[in-house]
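generate a structure from the sequence data that follows.
(2 chains)
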There are 2 protein chains.
Amino acid sequence: MNSEFGLIARYFTRPAPPGFLGVGDDCALFPVAAGHHLATSTDLLVEGRHFFADVNPAALGHKSLAVNLSDLAAMGAQPLACLLSLSIPAVDDDWLQGFADGFYALAEASGCPLIGGDTTRSSAGIVISVTIMGQVKPQHALRRNAARVGDDIWVTGTLGAADIALRLLQNKLPSNPSLLAATRDALERPLPPWRFAQQLAGVAHAALDISDGLAQDLGHILKASDCGAELVYNALPIASALQGLDEFLVQDAVLSGGDVYQLCFTAPVDARARIKDLAQGASIQVARVGTIVAQPGLRVKKADSTVIVMKQGGFDHFS
Amino acid sequence: MNSEFGLIARYFTRPAPPGFLGVGDDCALFPVAAGHHLATSTDLLVEGRHFFADVNPAALGHKSLAVNLSDLAAMGAQPLACLLSLSIPAVDDDWLQGFADGFYALAEASGCPLIGGDTTRSSAGIVISVTIMGQVKPQHALRRNAARVGDDIWVTGTLGAADIALRLLQNKLPSNPSLLAATRDALERPLPPWRFAQQLAGVAHAALDISDGLAQDLGHILKASDCGAELVYNALPIASALQGLDEFLVQDAVLSGGDVYQLCFTAPVDARARIKDLAQGASIQVARVGTIVAQPGLRVKKADSTVIVMKQGGFDHFS
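Predicted coordinates for the structure are as follows:
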């Protein structure tokens, strides 16, 4: 079974939904609803760069899909299907089974069946490429260029935990097993709000997912929408695991820490009650953290009346 | 400019067609025609495994898309858009410009705009992941399981040249510069018949693209369609560059050589004239090479009345 076809048959072939053609032909086929556009995104995860070689394979399978679900969520699109390509140095059955289990668990939870892909042997480390496809009414897509002056700025979930876990695993912070235990799932098992995000279509204006840090990612909205933003630091949803840590460490993790895979979105003031209702209905934590303003740039107001002027400077793969 | 965003902006952002949302947001968006299904496939190309480190970058850019266009063609689908993920050890401007030029030239020729992707740095060699999306009426999709007893078997283009070029480059054949010159384009710049393939939708029965060798790939149709095949060796469209080579080398290259990216399809006998007309109109070479039969297995009849019984044994990435 240790063949290309064997790997696909053994680990990555589960029945496709009715009306779908899944693994086994030259292409996968599926319908897109009338009035909708196909929304698609792809992410490449490379061992040693995006994950550690010894990461739990089920967590890695989960995260490989989660980062792509996050892109769909940031567009307000409904997941339809995904493709997985995997380049691995050797066949390790336990690893493959774990990876497949983690991947499929999230694929099933999010209604995003795995319908095709490719496997190959690589001389170097593991490389994972996932492409996700969803559907959205084009007039409801949450574009980055749609923020308007006066919009509230909202964030889902909490901030900072993934960055602290990453620093601990990279030995950039002193060893702290209990802190790692409290933050590691945020890094390794992010859960983007894919259902809630679809409900924001037609309610919110602009949105994106926080992958490279709130400041940098919000900066993309500001640039695309030709506006600025003021954030209220005390309104930011700081992960509770960060309580008691150094103030500037927390600030850096919250404003610049990546791997969050939650949404930052803007919406008109009169949508506040609707957004809170939708979030409650979807059991999603939302925080209103600031305002879109005409003056360019991103300023963060702290409780002591100081203002942090953020420069663009999140994570950049070629810096 | 040597940043992730800089790389995308510099090399991989060209205007998307009207009605498409291309590079620059969380997802790309595009419409799918009413009555059609989305057809999608993905291929992973790894340095040292699928291509040589010193391959011409424009040829590599071309081939990265061509192998995916070939999958769409094998379904009879019309190309709509593609995504490109690229993991590279370092930024080499000449290489990237060459790769992008080769990729875009084929994307534009085939009406398959590049609308998104991902770039990252890898510690090891180059890894390329391309996902292609097209559309096809589901009732016209050229499925592998649709061959019927009595169908003609057809092949587009010619066979064998890519395999001979690969053997020469791998030093598995004695150095022969003129033979390499005559076969190298078949290996490095395959041109799948994407327009002709769309015209086969509703005319042909089963189809696939020859990537792992005619015998192995046709075997997939036979297995999926629960039938057998008889090929007439002298009817096979052997590449003219192979004239004068050892008979058994040619036979192996033609029947088992991969990297062809031409179509093998089956069609009813009464479609012969229609297929020839379509091929002539599309300037595509087609050859009628055999017949689908009830008896399982694949037999190749030679002019001297000997019969080669083919075993499954094309290229397998984990064998």
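
how far away is the closest residue to A:Pro268 other than its chain neighbours from B:Leu179?
Spatially, and ignoring its direct neighbours in sequence, A:Pro268 is nearest to A:Asp151 (6.1 Å; CB to CB, 6 or more residues apart in numbering or on different chains). Quick note: C-beta positions are derived from backbone N, CA and C, even for glycine. Separation of A:Asp151 from B:Leu179 (CB to CB, to the nearest Å): 66 Å.

now swap in A:Leu236 and tell me
67 Å.

likewise for A:Lys137?
56 Å.

the more surrounded of those two?
B:Leu179 (20 against 15; other CB atoms under 10 Å in any protein chain shown).

confidence score at the residue nearest to A:Pro268?
Turning to A:Asp151, the model gives it a pLDDT of 98.

do A:Val309 as well
pLDDT, A:Val309: 84.

with A:Tyr261 instead?
97.

dump the residue contacts of it.
Shown in contact with A:Tyr261 (CB atoms under 8 Å, 6 or more residues apart in numbering or on different chains): A:Ala66, A:Val67, A:Ser70, A:Pro190, A:Leu191, A:Pro192, A:Asp209, A:Ile210, A:Ser211.

now do 7 Å
A:Ala66, A:Val67, A:Ser70, A:Pro190, A:Pro192, A:Asp209, A:Ile210, A:Ser211 (CB atoms under 7 Å, 6 or more residues apart in numbering or on different chains).

try A:Arg189
Taking CB under 7 Å, 6+ apart as the test, what A:Arg189 contacts is A:Ala59, A:His62, A:Lys63.

how far away is it from A:Phe52?
When A:Arg189 is compared with A:Phe52 (using CB to CB), they lie 14 Å apart.

what's the answer for A:Val260, then?
Applying CB to CB to A:Val260 and A:Phe52 gives a distance of 18 Å.

the contacts of A:Arg189 into a markdown table, with extra columns for pLDDT?
Shown next, in a markdown table, are those (pLDDT from 0 to 100):
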| residue | pLDDT |
| --- | --- |
| A:Ala59 | 96 |
| A:His62 | 98 |
| A:Lys63 | 96 |
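
make a markdown table out of those and add neighbour count, secondary structure and distance to A:Thr120.
Output for the contacts of A:Arg189, formatted as a markdown table (neighbours: other CB atoms under 10 Å in any protein chain shown; DSSP: H, G, I helix; E, B strand; the rest coil; distance: CB to CB, whole Å):
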| residue | neighbour count | secondary structure | distance to A:Thr120 |
| --- | --- | --- | --- |
| A:Ala59 | 20 | helix | 23 |
| A:His62 | 24 | helix | 22 |
| A:Lys63 | 27 | helix | 21 |
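
so can I have CSV of those showing distance to A:Leu255?
Rendered in CSV, the data for these read as follows (distance: CB to CB, whole Å):
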residue, distance to A:Leu255
A:Ala59, 26
A:His62, 26
A:Lys63, 22
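
and which of those residues is nearest to chain B?
A:Lys63 (14.7 Å; CB to the nearest CB).

the closest one reaches A:Asp185, doesn't it?
No. With contact defined as CB atoms under 7 Å, A:Lys63 does not reach A:Asp185; the gap is 10.6 Å.

and the lowest-mean-pLDDT helix or strand in chain A, what other elements does it pack with?
Of all the helices and strands that make up chain A, helix A:4-11 has the lowest average by mean pLDDT, DSSP states H and E, namely a mean of 72. Here helix A:4-11 touches helix A:93-109, strand A:114-121, going by 3 or more CB pairs under 7 Å, 6 or more residues apart in numbering or on different chains; DSSP states H and E.

what about the last one and chain B, any contact?
Yes. Contact of strand A:114-121 with chain B is found when judged by CB under 7 Å from any CB of the partner chain, involving A:Gly116, A:Gly117, A:Asp118, A:Thr119, A:Thr120, A:Arg121.

what residues does the stretch 101-250 of chain A have near chain B?
Near chain B, when you scan the stretch 101-250 of chain A using CB under 7 Å from any CB, you find A:116-125, A:127, A:129, A:131, A:133, A:138, A:141, A:143-144, A:208-209.

how does it look with 8 Å?
Residues of the stretch 101-250 of chain A lying near chain B by CB under 8 Å from any CB of the partner chain: A:115-125, A:127, A:129, A:131, A:133-134, A:136, A:138, A:141-144, A:207-209, A:224.

in contact with the residue nearest to A:Pro268: list those residues for me.
Here A:Asp151 is in contact with A:His205, A:Ala206, A:Thr266, A:Ala267, A:Pro268, A:Val269, A:Thr291, A:Ile292 (criterion: CB under 8 Å, 6+ apart).

let's see that with 10 Å instead.
A:204-206, A:221, A:225, A:227, A:229, A:265-269, A:271, A:290-293 (CB atoms under 10 Å, 6 or more residues apart in numbering or on different chains).

mark which of those residues are buried, thanks.
A:204-206, A:221, A:225, A:227, A:229, A:265-267, A:271, A:290-293 (16 or more other CB atoms under 10 Å in any protein chain shown).

quick check: A:Leu242 touching A:Leu168?
No. Assessed by CB atoms under 10 Å, A:Leu242 is found out of contact with A:Leu168, at 12.0 Å.

which residues are in contact with both of the two?
Joint contacts of A:Leu242 and A:Leu168 (CB under 10 Å, 6+ apart) are A:Leu179, A:Thr183.

name the helix or strand for the closest residue to A:Leu21 other than its chain neighbours, please.
The shortest distance from A:Leu21 to any non-neighbouring residue, by CB to CB, 6+ apart, is to A:Leu29 (4.0 Å). Taking DSSP states H and E as the criterion, A:Leu29 maps to strand A:28-31.

quick check: mean pLDDT of the helix or strand that that strand is followed by?
Once strand A:28-31 ends, the next helix or strand along the chain (criterion: DSSP H and E) is strand A:37-46. Averaging pLDDT along strand A:37-46 gives 94.

other SSEs contacting strand A:37-46?
Packing partners of strand A:37-46 (3 or more CB pairs under 10 Å, 6 or more residues apart in numbering or on different chains; DSSP states H and E): helix A:57-73, strand A:78-88, strand A:127-136, strand B:28-31, strand B:37-46, strand B:78-88, strand B:114-121, strand B:127-136.

of the ones you listed, which is nearest B:Val250?
Using CB to CB as the measure, strand B:37-46 is the one of those that comes nearest B:Val250, at 27.3 Å.

nearest residue to whichever residue of chain A sits closest to chain B other than its sequence neighbours?
Sorted by distance to chain B under CB to the nearest CB, the residues of chain A start with A:Ala124, at 2.7 Å. Excluding the flanking residues, the one nearest A:Ala124 by CB to CB, 6+ apart is B:Ala124, at 2.7 Å.

shouldn't that neighbour be within a helix?
No. Counting by DSSP: H, G, I helix; E, B strand; the rest coil, B:Ala124 falls outside a helix, being coil.

so which residues of the stretch 201-319 of chain A form strands?
Ranges of strands within the stretch 201-319 of chain A are A:207-209, A:228-232, A:263-267, A:286-293, A:297-301, A:307-310, based on DSSP state E, counting those that start in this stretch.

now the ones you listed in TSV, with distance to A:Ala253?
Listed next are the strands of the stretch 201-319 of chain A as TSV, based on distance: least, CB to CB, whole Å:
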stretch	distance to A:Ala253
strand A:207-209	17
strand A:228-232	15
strand A:263-267	16
strand A:286-293	15
strand A:297-301	14
strand A:307-310	14
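
of those, which shows the lowest average pLDDT?
Averaging pLDDT over each of the strands of the stretch 201-319 of chain A puts strand A:307-310 lowest, since it has a mean of 84.

send me that one as CSV with only the CA atoms.
Output in CSV follows, covering the C-alpha atoms of strand A:307-310 (Å, rounded to 0.1, in the frame of the first residue of the first chain):
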residue,chain,number,x,y,z
VAL,A,307,-1.1,56.4,22.1
ILE,A,308,0.8,53.7,20.3
VAL,A,309,1.4,54.5,16.6
MET,A,310,1.7,51.2,14.9
